[in-house]
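> This is a predicted model, with the sequence first.
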Amino acid sequence: MEKRKFIRKVCLLGDGGVGKTSLVRRYVEDVFSDSYIVSFGTKVSKKVIDLGEVELTLMIWDILGQKGDDALHAAYYRGANGAILVGDLTRPETMRHLVKWKDDFLKVCPGATFVAASNKSDLESTLQAPDLEEIVGALGIELRRTSARTGEGVEELFMSLGKGIMERSK
Ligand code: G3D
Ligand code: MG
């Protein structure tokens with residue numbers, strides 16, 4: 001039977017230097033370096049995920065550099081179905097900022113599906129278990145440990161977003 005095909009847009013969110021670009025690079029280029037376009041300081045990478053009866057193409061939007069401008073952010077978010085919130089385990093403030101990234105994104109994309117990553121799991125973290133619990137509580141979603149360096153949790157992170165988005169589409 002022919003697979004049903006879907007295309008969905010997702011954005012990378014999080015402070016500068018947390019590893020957003022590295023995560024996309026690891027995820028997309030590990031398997032195949034497919035087409036990408038660079039325009040307006042944004043790189044869009046494409047990845048096809050096999051979800052059984054469904055073939056999902058993720059268009060992954062990554063802002064290159066950090067733009068503080070809200071209007072630009074809104075333009076980047078528009079039409080997205082989901083987002084990956086990325087924090088850096090070695091810089092606790094980047095983890096606490098995830099709630100703000102999520103809330104701002106929801107203003108533009110109210111129905112969005114989220115996953116969250118505590119990245120740089122290969123490095124020593126100063127965050128204690130209670131701190132992490134508080135962050136997870138505020139976010140309302142599970143935090144997945146990832147490392148763009150070793151590849152830990154990267155495939156699972158994107159896969160869980162893809163599945164979450166398709167669940168929502170039903
Ligand atoms: P950004 O896109 O969120 O701004 P980048 O972040 O992907 O540009 O990564 C910022 C820096 O963190 C880079 O180092 C990158 O190599 C490093 N980095 C990203 N992910 C990981 C990780 O999982 N583990 C470790 N150890 N480092 C990571 P440089 O030195 O190039 O600035
Ligand atoms: Mg980047």
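Done, it's in. Ligands and ions are numbered 1, 2, ... in the order given.

> Can you pull out the residues in contact with stretch 129-148?
19, 22-23, 25-26, 85, 87, 89, 92, 95-96, 98-99, 102, 114-122, 152-154, 156-157, 160 (Cβ atoms under 8 Å, 6 or more residues apart in numbering). All C-beta atoms are positioned from the backbone trio N, CA, C, and that covers glycine.

> Return the subset of those lying in strands.
Judged by DSSP state E, those include L85, G87, F114, V115, A116, A117, S118, N119 as members of strands.

> who touches the nearest residue to the last one once chain neighbours are set aside in this structure?
With Cβ to Cβ, 6 or more residues apart in numbering as the criterion, N119 has its nearest non-adjacent residue at 4.2 Å, and that residue is G19. Going by Cβ under 8 Å, 6+ apart, G19 touches V86, D88, N119, K120, T146, A148.

> Look up how far L143 lies from G19.
The gap separating G19 from L143 is 14 Å, by Cβ to Cβ, to the nearest Å.

> Quick check: the residue of the protein nearest ligand 1.
G19 (2.9 Å; Cβ to the nearest ligand atom).

> isn't T94 right next to K20, touching?
No - shown here, T94 and K20 do not form a contact pair, counting by Cβ atoms under 8 Å, at 10.8 Å.

> residues shared between the contacts of those two?
Counting by Cβ under 8 Å, 6+ apart, the contacts common to T94 and K20 are G14.

> Show me what from the chain comes close to ligand 2.
Within the chain, the residues that sit near ligand 2 (Cβ under 5 Å from the ion) are K20, T21.

> Can you list the low-confidence ranges for the chain?
The model of the chain has pLDDT under 70 over residues 29-40, 65-71, 170.

> All the helices of it, in order from the start?
With DSSP state H, the ranges of helices along the chain come out as 20-31, 70-77, 92-96, 98-108, 129-139, 154-169.

> what is I7 paired to in the beta sheet?
For I7, the residues forming beta bridges with it (DSSP bridges) are T57.

> and stretch 42-59, anywhere near ligand 1?
No - Stretch 42-59 does not reach ligand 1 (Cβ under 6 Å from any ligand atom); its nearest approach is 9.9 Å.

> Who does the residue most central in space within the chain form a beta bridge with?
Centroid check for the chain by Cα atoms, centre = their mean gives I84 as the closest residue, at 1.9 Å. Following DSSP bridges, I84 is listed with bridge partners L12, V115.

> Surely it is in contact with L12?
Yes - under the criterion of Cβ under 8 Å, I84 makes contact with L12 at 5.4 Å.

> Could you tell me which residues touch both of those two?
Jointly contacting I84 and L12 under the rule Cβ under 8 Å, 6+ apart are K20, L23.
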